[in-house]
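Visitor: Could you look at this predicted model? Sequence included:
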Amino acid sequence: PILSILNTFSMVHDGFRQRTKSFIFPPEAEDGFWQNVQDQKKKKKKNMAPLDAPRGTLRWKLLRLMTWTESHAKRLSSELMWTVCNGDATEFVYRVGFGNGMPALSLRGLLEQQQEQQETPGGGGGGSDDSTSTS
């Protein structure tokens, strides 16, 4: 129930979403996270695992719930992470990892879009992260 409430409040109130995000992703760790993002972009590979989720932190626990066998916990934790990323698929993948984020992206139809673009002859599959962004 708490994940559902946090997600609902975060969706309707931007200040609450920002506060929730800063609780899950502490501001003091943000510089290191964005440096990891820049390093990952230079490698031009998809990150299958999250770039910054130290064991025992709240974000690590939410990521564990995203792979939980109980479907409600999995869905609600994924939705909360999606909401605190403000619906930005690129940030979502960097924060949770492509492997953890695949089910949530698939439910939103973003995974199919990306695959179609990569399969189009002569176009699409340039490896740009912008193809997954919904902003």
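Guide: Yep, that arrived. Numbers count the residues shown, from 1 in each chain.

Visitor: Need the nearest residue in space to the residue positioned nearest the centre of the chain, chain neighbours excluded.
Guide: Taking Cα atoms, centre = their mean as the criterion, residue 92 is the residue nearest the geometric centre of the chain, at 1.9 Å. Leaving out its chain neighbours, the residue that sits closest to residue 92 by Cβ to Cβ, 6 or more residues apart in numbering is residue 85, at 4.3 Å. (C-beta placed from N, C-alpha, C; glycine too.)

Visitor: Check residue 103 too.
Guide: residue 78 (6.7 Å).

Visitor: Check residue 98 too.
Guide: For residue 98, the closest residue by Cβ to Cβ, 6+ apart turns out to be residue 46, at 4.7 Å.

Visitor: Wait, that neighbour touches residue 99, no?
Guide: No. With contact defined as Cβ atoms under 8 Å, residue 46 does not reach residue 99; the gap is 9.0 Å.

Visitor: As a check, name the ranges of all helices in the protein.
Guide: 2-12, 14-24, 27-43, 58-66, 71-84, 89-96, 98-107, 110-119 (DSSP state H).

Visitor: can you tell which of those is closest to residue 51?
Guide: Closest approach to residue 51 among those is made by helix 27-43 (4.2 Å; Cβ to Cβ).

Visitor: List the buried residues of the closest one.
Guide: Buried residues in helix 27-43, counted by 16 or more other Cβ atoms under 10 Å: 33, 37, 40.

Visitor: Kindly report the same for stretch 83-94.
Guide: Neighbour count says stretch 83-94 has 83-85, 89-94 buried, by 16+ other Cβ under 10 Å.

Visitor: Now tabulate those in JSON lines and tack on pLDDT.
Guide: Output for the buried residues of stretch 83-94, formatted as JSON lines (pLDDT from 0 to 100):
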{"residue": "83", "pLDDT": "96"}
{"residue": "84", "pLDDT": "95"}
{"residue": "85", "pLDDT": "94"}
{"residue": "89", "pLDDT": "90"}
{"residue": "90", "pLDDT": "88"}
{"residue": "91", "pLDDT": "89"}
{"residue": "92", "pLDDT": "92"}
{"residue": "93", "pLDDT": "89"}
{"residue": "94", "pLDDT": "87"}
